[in-house]
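Peer 1: coords please:
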Amino acid sequence: MRENYDVIVIGSGPGGLAAASAAKKAGADDVLILERDLELGGILLQCIHNGFGLEIFGQDLPGPNYAQRFVDEVKGLGIDYKLDTMVLDVTPGRKVYATSAHSGFSEFQAKAMVMAMGCRERTRAQIRIPGLRPAGVYTAGTAQRWVNVEGYMPGKRVVILGSGDIGMIMARRLTFEGAKVERVLEVMPYLTGLSRNYVQCLLDFDIPLQLRHTVKRILGKDRVEAVEAVAVDDHWQPVPGTEEIIPCDTLLLSVGLIPENELSQKAGVRLDPVTGGPYVDEAYQTNVPGVFAAGNVVHVYDLVDWVTEAGLVAGERAACYAMGSICQLEAPPIPTVAADNVRYVVPHHLNPARLSVADVRLQMRVTQPIEQAVRIQVHDGETLITQQGARYARPGEMVNITLRRRDYDKVKIAKELRVSISPR
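Peer 2: Residues are numbered from 1 along each chain as shown. Purely as a prediction, here's the structure:
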(Lines give C-alpha, C1' and ligand atoms only; values in the text may rest on other atoms or scores of the structure.)
Protein backbone atom coordinates (compact mmCIF):
# COMPACT_ATOMS: atom_id res chain seq x y z
CA MET A 1 0.00 0.00 0.00
CA ARG A 2 1.38 3.37 -1.06
CA GLU A 3 1.17 6.68 0.79
CA ASN A 4 0.83 8.92 -2.28
CA TYR A 5 -1.86 8.46 -4.91
CA ASP A 6 -2.98 10.24 -8.02
CA VAL A 7 -6.66 9.80 -7.12
CA ILE A 8 -8.25 8.69 -3.85
CA VAL A 9 -11.94 7.76 -3.85
CA ILE A 10 -13.81 7.68 -0.54
CA GLY A 11 -16.69 5.21 -0.75
CA SER A 12 -17.21 2.14 -2.93
CA GLY A 13 -20.86 2.42 -3.85
CA PRO A 14 -21.86 2.78 -7.51
CA GLY A 15 -20.52 6.33 -7.69
CA GLY A 16 -17.20 5.48 -6.07
CA LEU A 17 -16.58 2.33 -8.11
CA ALA A 18 -17.37 4.15 -11.34
CA ALA A 19 -15.13 7.07 -10.38
CA ALA A 20 -12.18 4.82 -9.54
CA SER A 21 -12.56 2.85 -12.76
CA ALA A 22 -12.86 6.01 -14.87
CA ALA A 23 -9.84 7.60 -13.18
CA LYS A 24 -7.69 4.57 -13.92
CA LYS A 25 -8.84 4.40 -17.54
CA ALA A 26 -8.18 8.14 -17.96
CA GLY A 27 -4.51 7.66 -17.10
CA ALA A 28 -4.21 7.94 -13.32
CA ASP A 29 -1.55 5.37 -12.46
CA ASP A 30 -2.24 5.06 -8.74
CA VAL A 31 -5.86 4.97 -7.59
CA LEU A 32 -7.08 4.04 -4.10
CA ILE A 33 -10.59 3.31 -2.80
CA LEU A 34 -11.25 3.66 0.93
CA GLU A 35 -14.37 1.81 2.15
CA ARG A 36 -15.64 1.52 5.73
CA ASP A 37 -17.68 -1.64 5.07
CA LEU A 38 -16.33 -5.17 4.72
CA GLU A 39 -17.03 -5.44 0.99
CA LEU A 40 -16.97 -3.27 -2.10
CA GLY A 41 -20.37 -2.33 -3.53
CA GLY A 42 -22.03 -0.02 -1.06
CA ILE A 43 -25.77 -0.02 -0.49
CA LEU A 44 -26.39 -2.06 -3.65
CA LEU A 45 -25.35 -5.22 -1.80
CA GLN A 46 -28.61 -5.17 0.17
CA CYS A 47 -30.82 -4.10 -2.76
CA ILE A 48 -31.68 -7.55 -4.07
CA HIS A 49 -34.67 -6.31 -6.10
CA ASN A 50 -34.20 -5.65 -9.80
CA GLY A 51 -34.52 -2.35 -11.67
CA PHE A 52 -30.82 -1.47 -11.93
CA GLY A 53 -28.78 -1.08 -15.11
CA LEU A 54 -31.44 -0.29 -17.68
CA GLU A 55 -29.56 2.78 -18.93
CA ILE A 56 -25.94 1.70 -18.38
CA PHE A 57 -26.18 -1.94 -19.49
CA GLY A 58 -29.58 -2.12 -21.15
CA GLN A 59 -30.44 -4.90 -18.72
CA ASP A 60 -32.76 -5.22 -15.71
CA LEU A 61 -30.39 -6.32 -12.92
CA PRO A 62 -30.60 -6.81 -9.14
CA GLY A 63 -28.38 -4.52 -7.07
CA PRO A 64 -25.61 -7.01 -6.16
CA ASN A 65 -25.28 -8.09 -9.81
CA TYR A 66 -24.98 -4.46 -10.93
CA ALA A 67 -22.35 -3.74 -8.27
CA GLN A 68 -20.37 -6.88 -9.06
CA ARG A 69 -19.76 -5.76 -12.62
CA PHE A 70 -17.94 -2.68 -11.36
CA VAL A 71 -16.21 -4.59 -8.55
CA ASP A 72 -14.81 -6.99 -11.15
CA GLU A 73 -13.69 -4.06 -13.30
CA VAL A 74 -11.96 -2.35 -10.38
CA LYS A 75 -10.10 -5.53 -9.49
CA GLY A 76 -9.24 -6.20 -13.12
CA LEU A 77 -7.71 -2.75 -13.46
CA GLY A 78 -5.49 -3.34 -10.44
CA ILE A 79 -6.95 -0.50 -8.39
CA ASP A 80 -5.93 -0.51 -4.72
CA TYR A 81 -8.66 -0.64 -2.09
CA LYS A 82 -8.82 -0.79 1.69
CA LEU A 83 -11.91 -2.28 3.35
CA ASP A 84 -13.11 -1.95 6.93
CA THR A 85 -11.37 1.42 6.93
CA MET A 86 -12.87 4.56 8.44
CA VAL A 87 -11.73 7.93 7.09
CA LEU A 88 -11.33 10.26 10.06
CA ASP A 89 -10.31 13.50 8.41
CA VAL A 90 -9.63 15.11 5.04
CA THR A 91 -7.73 18.38 4.66
CA PRO A 92 -8.19 21.02 1.93
CA GLY A 93 -4.75 19.94 0.71
CA ARG A 94 -6.17 16.43 0.04
CA LYS A 95 -4.43 14.74 2.95
CA VAL A 96 -6.47 11.76 4.18
CA TYR A 97 -6.32 10.27 7.67
CA ALA A 98 -7.91 6.84 8.16
CA THR A 99 -8.01 4.00 10.65
CA SER A 100 -8.53 0.26 10.34
CA ALA A 101 -8.60 -2.66 12.74
CA HIS A 102 -6.17 -4.47 10.44
CA SER A 103 -3.59 -1.79 9.61
CA GLY A 104 -4.13 0.82 12.31
CA PHE A 105 -3.79 4.53 11.60
CA SER A 106 -2.87 5.53 8.04
CA GLU A 107 -2.07 8.74 6.18
CA PHE A 108 -2.48 9.21 2.44
CA GLN A 109 -1.80 12.11 0.11
CA ALA A 110 -3.84 12.53 -3.07
CA LYS A 111 -3.30 14.75 -6.09
CA ALA A 112 -7.08 14.62 -6.60
CA MET A 113 -9.99 13.16 -4.65
CA VAL A 114 -13.53 11.98 -5.32
CA MET A 115 -15.99 12.16 -2.44
CA ALA A 116 -18.49 9.31 -2.91
CA MET A 117 -19.78 8.66 0.61
CA GLY A 118 -23.43 8.39 -0.43
CA CYS A 119 -26.24 9.30 1.95
CA ARG A 120 -27.88 8.18 5.18
CA GLU A 121 -31.47 7.89 6.34
CA ARG A 122 -33.30 10.30 8.58
CA THR A 123 -34.07 8.75 11.95
CA ARG A 124 -36.89 9.00 14.48
CA ALA A 125 -34.93 11.59 16.46
CA GLN A 126 -34.74 13.89 13.44
CA ILE A 127 -38.49 13.91 12.85
CA ARG A 128 -39.35 13.96 16.60
CA ILE A 129 -42.12 11.37 16.92
CA PRO A 130 -43.48 11.42 20.51
CA GLY A 131 -43.65 8.30 22.65
CA LEU A 132 -41.38 6.04 24.65
CA ARG A 133 -38.47 4.16 23.13
CA PRO A 134 -39.76 0.65 22.51
CA ALA A 135 -38.10 -1.93 20.28
CA GLY A 136 -39.55 -2.12 16.78
CA VAL A 137 -38.78 1.34 15.35
CA TYR A 138 -36.28 1.12 12.49
CA THR A 139 -35.32 2.94 9.33
CA ALA A 140 -36.41 1.18 6.16
CA GLY A 141 -32.79 0.69 5.09
CA THR A 142 -31.94 -1.04 8.36
CA ALA A 143 -34.86 -3.42 7.85
CA GLN A 144 -33.73 -4.00 4.28
CA ARG A 145 -30.28 -5.07 5.43
CA TRP A 146 -31.71 -7.33 8.12
CA VAL A 147 -34.05 -9.13 5.76
CA ASN A 148 -31.88 -9.29 2.62
CA VAL A 149 -28.40 -9.75 4.10
CA GLU A 150 -28.64 -10.89 7.72
CA GLY A 151 -31.76 -13.03 7.40
CA TYR A 152 -33.77 -11.43 10.22
CA MET A 153 -37.38 -10.23 10.15
CA PRO A 154 -38.00 -6.90 11.95
CA GLY A 155 -41.63 -7.79 12.79
CA LYS A 156 -44.93 -9.31 11.69
CA ARG A 157 -47.35 -6.34 11.60
CA VAL A 158 -45.80 -3.24 10.06
CA VAL A 159 -46.68 0.41 9.54
CA ILE A 160 -44.41 2.42 7.23
CA LEU A 161 -44.07 6.17 7.65
CA GLY A 162 -43.04 7.88 4.41
CA SER A 163 -43.51 6.96 0.76
CA GLY A 164 -39.83 7.03 -0.15
CA ASP A 165 -38.57 4.34 -2.50
CA ILE A 166 -36.90 2.21 0.19
CA GLY A 167 -40.08 2.23 2.26
CA MET A 168 -42.28 1.13 -0.64
CA ILE A 169 -39.80 -1.53 -1.72
CA MET A 170 -39.68 -2.88 1.84
CA ALA A 171 -43.49 -2.95 1.97
CA ARG A 172 -43.38 -5.44 -0.88
CA ARG A 173 -40.37 -7.33 0.48
CA LEU A 174 -41.92 -7.84 3.93
CA THR A 175 -45.14 -8.97 2.30
CA PHE A 176 -43.16 -11.60 0.40
CA GLU A 177 -41.74 -12.82 3.73
CA GLY A 178 -45.17 -13.21 5.33
CA ALA A 179 -45.51 -9.96 7.26
CA LYS A 180 -48.67 -7.87 7.16
CA VAL A 181 -48.04 -4.27 6.07
CA GLU A 182 -50.97 -2.43 7.57
CA ARG A 183 -50.46 0.91 5.90
CA VAL A 184 -48.06 3.43 4.39
CA LEU A 185 -48.49 6.96 5.76
CA GLU A 186 -47.19 10.03 3.92
CA VAL A 187 -47.31 13.53 5.40
CA MET A 188 -47.08 15.23 2.00
CA PRO A 189 -50.08 15.50 -0.37
CA TYR A 190 -48.11 13.60 -3.02
CA LEU A 191 -45.88 10.55 -3.38
CA THR A 192 -42.22 11.16 -2.51
CA GLY A 193 -40.84 8.10 -4.32
CA LEU A 194 -41.02 6.81 -7.88
CA SER A 195 -44.43 6.11 -9.40
CA ARG A 196 -43.25 2.71 -10.62
CA ASN A 197 -42.53 1.66 -7.03
CA TYR A 198 -45.97 2.80 -5.96
CA VAL A 199 -47.54 0.60 -8.64
CA GLN A 200 -45.27 -2.43 -8.27
CA CYS A 201 -44.87 -2.40 -4.47
CA LEU A 202 -48.12 -1.00 -3.08
CA LEU A 203 -50.91 -1.21 -5.63
CA ASP A 204 -49.97 -4.70 -6.82
CA PHE A 205 -50.11 -5.99 -3.23
CA ASP A 206 -53.16 -4.03 -2.03
CA ILE A 207 -51.12 -2.09 0.53
CA PRO A 208 -52.99 1.14 1.36
CA LEU A 209 -51.29 4.53 1.07
CA GLN A 210 -52.66 7.48 3.03
CA LEU A 211 -51.43 10.90 1.91
CA ARG A 212 -51.52 13.89 4.28
CA HIS A 213 -51.15 11.52 7.25
CA THR A 214 -48.40 11.00 9.79
CA VAL A 215 -47.66 9.23 13.07
CA LYS A 216 -48.74 11.34 16.03
CA ARG A 217 -47.23 9.02 18.65
CA ILE A 218 -45.84 5.55 19.18
CA LEU A 219 -47.60 3.30 21.69
CA GLY A 220 -45.81 0.61 23.66
CA LYS A 221 -43.13 0.35 26.33
CA ASP A 222 -40.89 -2.65 25.66
CA ARG A 223 -42.10 -3.29 22.10
CA VAL A 224 -44.21 -1.25 19.69
CA GLU A 225 -47.86 -2.16 20.24
CA ALA A 226 -49.51 0.39 17.94
CA VAL A 227 -49.11 3.81 16.37
CA GLU A 228 -51.57 6.67 16.45
CA ALA A 229 -52.04 8.02 12.92
CA VAL A 230 -53.51 11.43 12.22
CA ALA A 231 -54.39 13.56 9.20
CA VAL A 232 -52.51 16.85 8.74
CA ASP A 233 -53.49 20.19 7.26
CA ASP A 234 -51.65 22.33 4.71
CA HIS A 235 -49.19 23.39 7.42
CA TRP A 236 -48.48 19.78 8.52
CA GLN A 237 -50.39 20.29 11.76
CA PRO A 238 -52.58 17.43 13.12
CA VAL A 239 -56.27 17.74 12.34
CA PRO A 240 -58.24 17.16 15.59
CA GLY A 241 -60.69 14.28 15.42
CA THR A 242 -58.83 12.35 12.71
CA GLU A 243 -56.71 10.22 15.08
CA GLU A 244 -56.69 6.46 14.48
CA ILE A 245 -54.95 3.69 16.43
CA ILE A 246 -53.25 1.16 14.13
CA PRO A 247 -52.11 -2.02 15.95
CA CYS A 248 -48.62 -3.12 14.86
CA ASP A 249 -45.34 -4.40 16.27
CA THR A 250 -43.01 -2.51 13.90
CA LEU A 251 -42.72 1.02 12.54
CA LEU A 252 -40.41 1.58 9.58
CA LEU A 253 -39.27 5.09 8.72
CA SER A 254 -38.78 6.12 5.10
CA VAL A 255 -38.67 9.85 5.68
CA GLY A 256 -35.83 11.10 3.53
CA LEU A 257 -32.10 10.77 2.89
CA ILE A 258 -29.25 13.09 3.86
CA PRO A 259 -25.99 13.28 1.86
CA GLU A 260 -22.99 12.20 3.99
CA ASN A 261 -20.83 15.33 3.90
CA GLU A 262 -19.06 15.58 7.24
CA LEU A 263 -15.76 14.74 5.52
CA SER A 264 -16.52 17.19 2.72
CA GLN A 265 -16.89 19.97 5.28
CA LYS A 266 -13.58 19.06 6.88
CA ALA A 267 -11.98 19.42 3.45
CA GLY A 268 -13.42 22.93 3.16
CA VAL A 269 -16.12 22.03 0.66
CA ARG A 270 -19.03 24.48 0.46
CA LEU A 271 -22.46 22.84 0.78
CA ASP A 272 -25.79 23.71 -0.80
CA PRO A 273 -28.37 24.15 2.01
CA VAL A 274 -31.14 22.86 -0.26
CA THR A 275 -29.55 19.55 -1.33
CA GLY A 276 -27.19 19.11 1.62
CA GLY A 277 -24.47 18.27 -0.90
CA PRO A 278 -21.50 20.18 -2.35
CA TYR A 279 -21.76 22.94 -4.90
CA VAL A 280 -20.29 21.37 -8.04
CA ASP A 281 -19.56 22.32 -11.64
CA GLU A 282 -20.15 20.25 -14.78
CA ALA A 283 -17.06 18.14 -13.94
CA TYR A 284 -18.40 17.57 -10.38
CA GLN A 285 -15.50 19.57 -8.97
CA THR A 286 -16.25 21.37 -5.71
CA ASN A 287 -15.03 24.80 -4.63
CA VAL A 288 -11.84 23.12 -3.34
CA PRO A 289 -9.46 22.57 -6.27
CA GLY A 290 -8.85 18.89 -6.92
CA VAL A 291 -11.75 17.72 -4.73
CA PHE A 292 -14.62 16.20 -6.71
CA ALA A 293 -17.92 14.72 -5.56
CA ALA A 294 -20.23 12.21 -7.21
CA GLY A 295 -23.42 10.33 -6.54
CA ASN A 296 -25.79 10.69 -3.61
CA VAL A 297 -23.23 12.73 -1.70
CA VAL A 298 -24.12 15.60 -4.10
CA HIS A 299 -27.89 15.10 -4.22
CA VAL A 300 -30.15 12.09 -3.87
CA TYR A 301 -30.67 10.37 -7.21
CA ASP A 302 -33.61 8.30 -8.42
CA LEU A 303 -31.60 5.83 -10.51
CA VAL A 304 -28.31 4.10 -9.80
CA ASP A 305 -27.46 4.50 -13.50
CA TRP A 306 -27.33 8.28 -13.02
CA VAL A 307 -25.11 7.85 -9.96
CA THR A 308 -22.75 5.78 -12.09
CA GLU A 309 -22.73 8.38 -14.87
CA ALA A 310 -21.81 11.08 -12.37
CA GLY A 311 -19.05 8.87 -10.98
CA LEU A 312 -17.63 8.28 -14.44
CA VAL A 313 -17.44 12.01 -15.12
CA ALA A 314 -15.98 12.86 -11.71
CA GLY A 315 -13.38 10.09 -11.89
CA GLU A 316 -12.22 11.03 -15.37
CA ARG A 317 -11.94 14.73 -14.50
CA ALA A 318 -10.16 13.93 -11.21
CA ALA A 319 -7.58 11.96 -13.18
CA CYS A 320 -7.15 14.91 -15.56
CA TYR A 321 -6.63 17.22 -12.58
CA ALA A 322 -4.08 14.86 -11.04
CA MET A 323 -2.16 14.80 -14.32
CA GLY A 324 -2.23 18.58 -14.65
CA SER A 325 -4.59 18.89 -17.60
CA ILE A 326 -7.29 20.74 -15.60
CA CYS A 327 -6.34 24.11 -14.20
CA GLN A 328 -8.31 26.88 -12.58
CA LEU A 329 -9.95 28.97 -15.27
CA GLU A 330 -9.88 32.75 -15.44
CA ALA A 331 -13.37 33.10 -16.95
CA PRO A 332 -16.08 33.42 -14.27
CA PRO A 333 -18.41 30.44 -13.94
CA ILE A 334 -21.98 30.62 -15.21
CA PRO A 335 -24.43 29.90 -12.37
CA THR A 336 -27.49 27.73 -12.83
CA VAL A 337 -30.49 29.18 -10.99
CA ALA A 338 -33.62 27.42 -9.81
CA ALA A 339 -36.55 29.48 -11.12
CA ASP A 340 -40.31 28.74 -11.38
CA ASN A 341 -41.29 25.51 -9.57
CA VAL A 342 -37.68 24.26 -9.33
CA ARG A 343 -36.10 23.47 -5.92
CA TYR A 344 -32.48 23.22 -7.09
CA VAL A 345 -30.32 22.54 -10.14
CA VAL A 346 -27.18 20.37 -10.37
CA PRO A 347 -24.54 21.21 -11.50
CA HIS A 348 -24.64 24.55 -9.71
CA HIS A 349 -22.44 26.34 -12.24
CA LEU A 350 -20.68 25.74 -15.55
CA ASN A 351 -17.19 26.64 -16.71
CA PRO A 352 -17.57 28.19 -20.18
CA ALA A 353 -14.09 27.21 -21.40
CA ARG A 354 -14.79 23.51 -20.76
CA LEU A 355 -18.18 23.25 -22.45
CA SER A 356 -16.85 21.97 -25.77
CA VAL A 357 -16.01 18.56 -24.26
CA ALA A 358 -19.48 16.98 -24.09
CA ASP A 359 -23.16 17.58 -23.53
CA VAL A 360 -24.11 18.67 -20.00
CA ARG A 361 -27.15 17.25 -18.24
CA LEU A 362 -28.93 19.54 -15.79
CA GLN A 363 -30.85 17.69 -13.08
CA MET A 364 -33.46 19.14 -10.75
CA ARG A 365 -36.55 18.50 -8.65
CA VAL A 366 -39.79 20.43 -8.68
CA THR A 367 -41.34 22.05 -5.63
CA GLN A 368 -44.93 21.11 -6.52
CA PRO A 369 -46.30 18.31 -8.72
CA ILE A 370 -47.75 19.12 -12.13
CA GLU A 371 -49.95 16.24 -13.31
CA GLN A 372 -50.05 17.29 -16.95
CA ALA A 373 -47.62 17.92 -19.78
CA VAL A 374 -44.89 20.36 -18.75
CA ARG A 375 -42.31 22.55 -20.45
CA ILE A 376 -38.74 22.63 -19.08
CA GLN A 377 -36.91 25.78 -20.14
CA VAL A 378 -33.43 27.26 -19.70
CA HIS A 379 -33.20 31.04 -20.11
CA ASP A 380 -30.51 33.70 -19.93
CA GLY A 381 -32.63 36.73 -19.19
CA GLU A 382 -35.09 36.91 -22.09
CA THR A 383 -33.01 34.60 -24.29
CA LEU A 384 -34.22 31.01 -24.52
CA ILE A 385 -31.24 28.66 -24.46
CA THR A 386 -33.12 25.37 -24.81
CA GLN A 387 -36.36 23.68 -23.86
CA GLN A 388 -37.99 20.29 -23.85
CA GLY A 389 -41.23 18.67 -22.75
CA ALA A 390 -42.24 15.99 -20.29
CA ARG A 391 -45.51 14.21 -19.52
CA TYR A 392 -45.57 15.45 -15.92
CA ALA A 393 -43.32 16.72 -13.12
CA ARG A 394 -43.34 15.23 -9.61
CA PRO A 395 -41.16 15.98 -6.56
CA GLY A 396 -40.35 12.30 -6.16
CA GLU A 397 -38.95 11.99 -9.69
CA MET A 398 -35.90 13.88 -10.92
CA VAL A 399 -36.28 16.08 -13.99
CA ASN A 400 -33.51 16.29 -16.61
CA ILE A 401 -32.71 18.63 -19.47
CA THR A 402 -29.55 18.45 -21.59
CA LEU A 403 -27.46 21.37 -22.82
CA ARG A 404 -26.10 20.17 -26.12
CA ARG A 405 -23.08 21.41 -27.97
CA ARG A 406 -25.31 23.31 -30.41
CA ASP A 407 -26.46 25.41 -27.41
CA TYR A 408 -22.96 26.34 -26.26
CA ASP A 409 -22.62 29.56 -28.25
CA LYS A 410 -25.54 30.99 -26.24
CA VAL A 411 -24.42 29.38 -22.99
CA LYS A 412 -20.88 30.75 -23.08
CA ILE A 413 -22.06 34.36 -23.18
CA ALA A 414 -24.83 33.87 -20.62
CA LYS A 415 -24.80 35.68 -17.27
CA GLU A 416 -26.87 32.96 -15.62
CA LEU A 417 -28.97 29.99 -16.64
CA ARG A 418 -32.46 30.14 -15.15
CA VAL A 419 -34.27 26.81 -15.19
CA SER A 420 -38.06 26.73 -14.93
CA ILE A 421 -40.80 24.10 -15.20
CA SER A 422 -44.38 25.06 -16.05
CA PRO A 423 -47.52 23.51 -17.56
CA ARG A 424 -47.69 23.53 -21.32
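
Peer 1: tell me how far stretch 172-185 is from the chain's mean position?
Peer 2: Relative to the chain's own centre, stretch 172-185 is displaced by 25 Å; criterion: C-alpha atoms, centre = their mean, to the nearest Å.

Peer 1: which other residues reach that stretch?
Peer 2: By C-beta atoms under 8 Å, 6 or more residues apart in numbering, the residues outside stretch 172-185 that reach it are 49, 143-144, 147-148, 153-163, 167-168, 171, 200-202, 204-205, 207-210, 213-215, 229, 246-248, 250. Any C-beta I mention is one placed from the backbone N, CA and C, and that applies to glycine too.

Peer 1: Mind checking which of the residues you listed are in helices?
Peer 2: Members of these lying in helices (criterion: DSSP state H): 143-144, 167-168, 171.

Peer 1: contact partners of the least confident helix or strand in the chain by mean pLDDT?
Peer 2: Using mean pLDDT, DSSP states H and E, helix 408-412 stands out as the lowest-scoring helix or strand of the chain, at a mean of 90. The contact list for helix 408-412, computed with C-beta under 8 Å, 6+ apart, reads 334, 350, 352, 355-356, 380, 383, 385, 403, 417.

Peer 1: contacting residues for the nearest residue to Gly141 once chain neighbours are set aside?
Peer 2: Closest residue to Gly141 apart from its sequence neighbours, by C-beta to C-beta, 6 or more residues apart in numbering: Glu121 at 5.1 Å. With contact set as C-beta under 8 Å, 6+ apart, Glu121 has these partners: 139-142, 166, 253-258.

Peer 1: Enumerate the positions of the host helix or strand of Asp305 that are buried.
Peer 2: Secondary structure assigned from DSSP states H and E places Asp305 in helix 304-322. Within helix 304-322, the residues scored as buried using 16 or more other C-beta atoms under 10 Å are 304-322.

Peer 1: again, but for stretch 252-267
Peer 2: In stretch 252-267, the ones that count as buried by 16+ other C-beta under 10 Å are 252-255, 257-261, 263-264, 267.

Peer 1: who does the helix holding Asp305 touch, helix- and strand-wise?
Peer 2: Where contact means 3 or more C-beta pairs under 8 Å, 6 or more residues apart in numbering; DSSP states H and E, helix 304-322 is packed against strand 4-10, helix 14-25, helix 63-76, strand 104-115, strand 291-293.

Peer 1: For Ala322, list the residues it contacts.
Peer 2: Contact partners of Ala322, counting by C-beta under 8 Å, 6+ apart, are 6-7, 23, 28, 110-112, 290.

Peer 1: Please apply the same query to Ile129.
Peer 2: For Ile129, the contacting residues are 161, 215, 217-218, by C-beta under 8 Å, 6+ apart.

Peer 1: That one falls within a strand, correct?
Peer 2: No - secondary structure of Ile129, determined by DSSP: H, G, I helix; E, B strand; the rest coil: coil, with no strand assignment.

Peer 1: What pLDDT does the model give it?
Peer 2: With respect to pLDDT, Ile129 has a value of 94.

Peer 1: what domains does the record give for this protein?
Peer 2: Here the domain parsing of the chain from automatic domain parsing is 1-120+257-328, 123-255, 330-424.

Peer 1: deepest of these, which one?
Peer 2: Using mean count of other C-beta atoms under 10 Å, the stretch among those with the greatest mean number of neighbours is domain 1-120+257-328 (a mean of 21).

Peer 1: Does Leu303 touch Gly53 like I think?
Peer 2: No - with the criterion set as C-beta atoms under 8 Å, Leu303 and Gly53 do not qualify as a contacting pair; they are 9.6 Å apart.

Peer 1: if you skip the residues just before and after it, what's nearest to Ala19?
Peer 2: Nearest residue to Ala19 in three dimensions, chain neighbours excluded: Gly315, at 3.3 Å (C-beta to C-beta, 6+ apart).

Peer 1: mind checking how far that neighbour is from Gln368?
Peer 2: In this structure, Gly315 and Gln368 are 35 Å apart, going by C-beta to C-beta, to the nearest Å.

Peer 1: these two touch, right, Pro134 and Ala226?
Peer 2: No - Pro134 lies out of contact with Ala226 (C-beta under 8 Å); the separation is 10.5 Å.

Peer 1: can you pull out the helices in the stretch 251-400 of the chain?
Peer 2: Assigned by DSSP state H, counting those that start in this stretch, the stretch 251-400 of the chain shows helices spanning 262-266, 304-322.

Peer 1: quick one: the helix holding Asp305 to helix 14-25, angle?
Peer 2: Angular relation of helix 304-322 and helix 14-25 on a 0 to 180 degree scale: 40 degrees, by axes from the mean of the first three to the mean of the last three C-alpha atoms, to 10 degrees.
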